[in-house]
Every structure is written in structure tokens, then in C-alpha cells.
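[1] need a structure here:
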Amino acid sequence: MKQKVTLKIIAKEFDVSISTVSKALKNSNEISEEVREKIKAYADYYNYKPNSLALQLRAQKTSVIGVIIPEIVHHFFSTVIDGIEEHANKRGYNVMVCLSNESFEKEVSNISVLTNGSVDGVIVSIARETQKKEDYNHFEMLLKDGFPLVLFDRIVDSLKCDKVIIDDIGGGFKAANHLLEIGSKRIALLTTEDYITVGALRKVGYRKAMQSAGLEVDEDYVFKINDTKNLYRQIEKIFHLEKVPDAILAVNEIYAAIAMKIAIEKGYKIPEDIAVLGFTSGLISKFTSPPLTAITQHGYLMGQQAAELLINRIEHTGPKEFQKEVISTGIKIRKSTYIGE
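    Here you go, the predicted model:
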């Protein structure tokens, strides 16, 4: 029995967009005769039949937008969703949230489900595995079809769509500069592996701050953490250095909280012996002991702006050119870097 083919399967076979296949099957002059004939012959051979329900769904407005995030437990992503919902609801849209769980395959599957007539557009923070593979074909196919897409936080500059990001370089600079201002000299950096864009950019900011202060960056003090392995053991290596750092800058609050826990277990006082600073001022930062100084990322504002860009694109009310919004960071100083009442 021949396999049942869809527009997506035909598009993949000929390495073209779904829109191109659809036009070819409708004998559109926009598609070359050679490509039209090949696509029609393939469709005939496999007895392709249009999915009338899917066509009907695509033809009508759903007033729903899809959101794909890497994880739900992260405070930053939960605040982004709050911002998206607030703006979307004001403009008459509902929100459907999916998780990629940092998986490339799950992200591709989510895109396929959401864009088959379920939503009018999607907002995505790219999964860690997708960034590692550098395979963005599922996004490129959407953009070829003119499907509204907004990327936030973790983005790919080469994809031609609207984007909203945090000023990660500025945030990294602000974080390191605060530690320098309180007198720290040996600042260890807990960052992600380089293919995760936000961590790589925060590292750039850290380097700039150190260099601006006339300090050399000692690579022994830069730790790239693999999130799939034991975090405690990786972070504990900081304390095996010949000279233990007098400050730790972590690119997220989880790394920072673990570093602080290990330091206290080893008898160090926070911040007298070691100051600690993280990114994302969430519940973890508020309830560590002592409370954690953190770079604030304004996730709620990011969500609002992402929703606004997407809905403007859906309704054709914004600029034709793709927009890239950059949100400045703040800093919430708490007792992990400040000695006082």
C-alpha cells in the first residue's frame, strides 16, 4: 500500500515550502512549469487528497496564538507567558502554550501541531538541542509560507522574523561591574555551553567589564556548565582552584544558588568571603539564604512586546520590516553582595 502523503511530505520531497506545493497543485503560474509537473506527478502517484478540514481551519482566523518555551518551571519563562497573555487577551486572543523540554524533535512536533490550523501565529524561545544542532529548517519553512513567527530570548539572527531579546551583553557587564564596584577582583563566571546564545552573550559582557577595569580574564575562572550532567559536581570545581574566587557571577539563578550552597557548606561566609550574583530575580533569588543579588530581565515586558509584534504581524498593522526589540536589564541588590542592614 502506498503511503498517505500530505503537503508537508511533498514539500520535504522537493525541498520547497508548503505554499509552493499548494500553488503547484492549483496550477499557479507563479511556479515554474517544470516544478509544477513534477509535484503534480508525485501527488498523482501517491493519490494525494487535500485535507478539507485542515484547509478550512487554515482559511479562518482562530484568534489563538501559540507559545513554545523550553521549560515551564523557570521563573523567567513563566513571567514571559504572563506578559504574552495579558497583551493577547486585551486584543481578543487566547494563548496556547507548549513545551519543547529543550528537545529539537519536540520543538518540531509542536510547530507542526500548532501551525496546522490551530493558531494564527507562534512565539518561540528556541530549545537548547535545536541551538546545538543548528537545524532551523522548521522555522525557515514557516517563514517561506509567510506564517507569523516571533522569537524571544533565544533567537537566531539569520531567521527573517520579529524578535525580542534581553540586552544580555549589557546585563553581563552590569553584573560583573557591580561585583567589581564592591571590591571583588577574582570573579568566577558560571556560564552555559557556548551554543546557548544567552550565556555566550552574558560572557561577552563579563569580559568587557573585567577588561574595562584593567583586569585580565583568567580562563581558569570561566566554567561552562553542561545542564545534562550533575550541576553540583561541576560547580564545586570552583572551590578546587588554587585561589578561590572572591565573587561568583552565574548566568542564571539556579547556578548561583547551588554555588552559594556549596560555599556555605565549605565554611565560606556570603558575601564577606565570596559575593554571589545571578540572573533572573525569581523566587529562588528571593528565598536563598542570604537572598541573592540578581540581574532583572523584565520577562513580563518581553512577553507583552512579543505578543504585540506577533498580533501586529497577524493583523498587518505594524511595520513591514521585521523588528528586533532589545530590553534593558536592571539589578536587584540583596545580601549576597551587600553587607548592611
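[2] now the host helix or strand of L310: buried residues?
    Taking DSSP states H and E as the criterion, the element that holds L310 is helix 299-315. When burial is assessed from 16 or more other CB atoms under 10 Å, helix 299-315 yields the following buried residues: 299-314. Backbone N, C-alpha and C define where each C-beta goes, glycine included.
[3] chain center to the following helix or strand past it, what's the gap?
    Taking DSSP H and E as the definition, the helix or strand that follows helix 299-315 towards the C-terminus is strand 324-327. Remark: strand 324-327 is offset 13 Å from the chain centroid, using CA atoms, centre = their mean, to the nearest Å.
[4] picking that back up, now do the helix holding L310: which elements does it pack against?
    Here helix 299-315 touches strand 64-69, helix 75-90, strand 121-124, strand 149-152, strand 162-166, strand 324-327, going by 3 or more CB pairs under 8 Å, 6 or more residues apart in numbering; DSSP states H and E.
[5] switch the cut-off to 7 Å
    Applying 3 or more CB pairs under 7 Å, 6 or more residues apart in numbering; DSSP states H and E, we find helix 299-315 packed against helix 75-90, strand 121-124, strand 149-152, strand 162-166, strand 324-327.
[6] which SSE is immediately downstream of the fourth one?
    Using DSSP H and E, the helix or strand that follows strand 162-166 towards the C-terminus is helix 168-181.
[7] that next one packs against which elements?
    Contact partners of helix 168-181 among helices and strands, from 3+ CB pairs under 7 Å, 6+ apart: helix 197-212, strand 247-250, strand 275-279, strand 293-296.
[8] out of the ones you listed, which is closest to E30?
    Using CB to CB as the criterion, the shortest distance between E30 and the helices and strands packed on helix 168-181 is 35.9 Å, found for helix 197-212.
[9] quick check: mean pLDDT of the closest one?
    For helix 197-212, mean pLDDT rounds to 97.
[10] buried set for it?
    Within helix 197-212, judged by 16+ other CB under 10 Å, the buried ones are 197-203, 205-210.
[11] look up how far G117 lies from the closest residue in space to Y46 that isn't next to it in sequence.
    In space, not counting the residues next to it along the chain, Y46 is nearest to V5; the distance is 4.3 Å by CB to CB, 6 or more residues apart in numbering. Taking CB to CB, to the nearest Å as the criterion, V5 is separated from G117 by 18 Å.
[12] which non-adjacent residue is nearest T293?
    Of all residues beyond its chain neighbours, the one nearest T293 is T337 (4.2 Å), with distances taken as CB to CB, 6+ apart.
[13] ok, G199 touching G205?
    No: counting by CB atoms under 7 Å, G199 does not reach G205; the two are 10.9 Å apart.
[14] counting neighbours, what do you get for the residue nearest to T293?
    A total of 24 residues lie near T337 under the criterion other CB atoms under 10 Å.
[15] hang on, it in a strand?
    No: the assignment for T337 is coil, going by DSSP: H, G, I helix; E, B strand; the rest coil, so no strand is present there.
[16] list the contacts of it.
    When contacts are counted by CB atoms under 7 Å, 6 or more residues apart in numbering, T337 is found next to H178, L179, I182, P271, A275, L277, T293.
[17] what's the answer for F152, then?
    Per CB under 7 Å, 6+ apart, neighbours of F152: V80, I123, S125, K163, V164, I165, M302, A306.
[18] pass me the low-pLDDT residue ranges in the stretch 201-341 of the chain, would you?
    Flagging of the stretch 201-341 of the chain using pLDDT under 70 yields the residue ranges 340-341.
[19] then the stretch 51-200 of the chain?
    In the stretch 51-200 of the chain, residues with pLDDT under 70: 51-59.
[20] can you rerun that using 50?
    In the predicted model, the stretch 51-200 of the chain carries pLDDT under 50 at residues 53, 56.
[21] now for the residue nearest to F279 when sequence neighbours are not counted, how many residues are close by?
    Once flanking residues are discounted, F279 sits nearest to I295: 4.6 Å by CB to CB, 6+ apart. Look at I295: counted by other CB under 10 Å, it has 29 neighbours.
[22] list the beta-bridge partners for I295.
    The residues listed as beta-bridge partners of I295 by DSSP bridges are F279, I331.
[23] would you mind measuring from it to Q304?
    Applying CB to CB, the value for I295 to Q304 is 19 Å.
[24] likewise I235?
    In this structure, I235 lies at 34 Å from Q304, with CB to CB as the measure.
[25] list the buried residues for stretch 28-37?
    The neighbour-count check on stretch 28-37 (16+ other CB under 10 Å) flags I31, R36 as buried.
[26] starting at the chain centroid, how far to it?
    Per CA atoms, centre = their mean, the displacement of stretch 28-37 from the mean C-alpha position of its chain is 38 Å.
[27] again, but for stretch 307-318
    Computed by CA atoms, centre = their mean, the separation of stretch 307-318 from the middle of its chain amounts to 20 Å.
[28] how about that stretch as PDB, C-alpha atoms only?
    Output in PDB follows, covering the C-alpha atoms of stretch 307-318 (Å, rounded to 0.1, in the frame of the first residue of the first chain):
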ATOM      1  CA  ALA A 307       2.700  39.400  21.700                       C
ATOM      2  CA  GLU A 308       2.300  42.900  20.300                       C
ATOM      3  CA  LEU A 309       4.800  42.200  17.500                       C
ATOM      4  CA  LEU A 310       3.000  38.900  16.600                       C
ATOM      5  CA  ILE A 311      -0.500  40.200  16.600                       C
ATOM      6  CA  ASN A 312       0.500  43.300  14.600                       C
ATOM      7  CA  ARG A 313       2.100  40.800  12.100                       C
ATOM      8  CA  ILE A 314      -1.100  38.700  12.100                       C
ATOM      9  CA  GLU A 315      -3.400  41.700  11.600                       C
ATOM     10  CA  HIS A 316      -0.900  43.500   9.200                       C
ATOM     11  CA  THR A 317      -1.000  46.600  11.400                       C
ATOM     12  CA  GLY A 318       2.700  47.000  12.200                       C
END
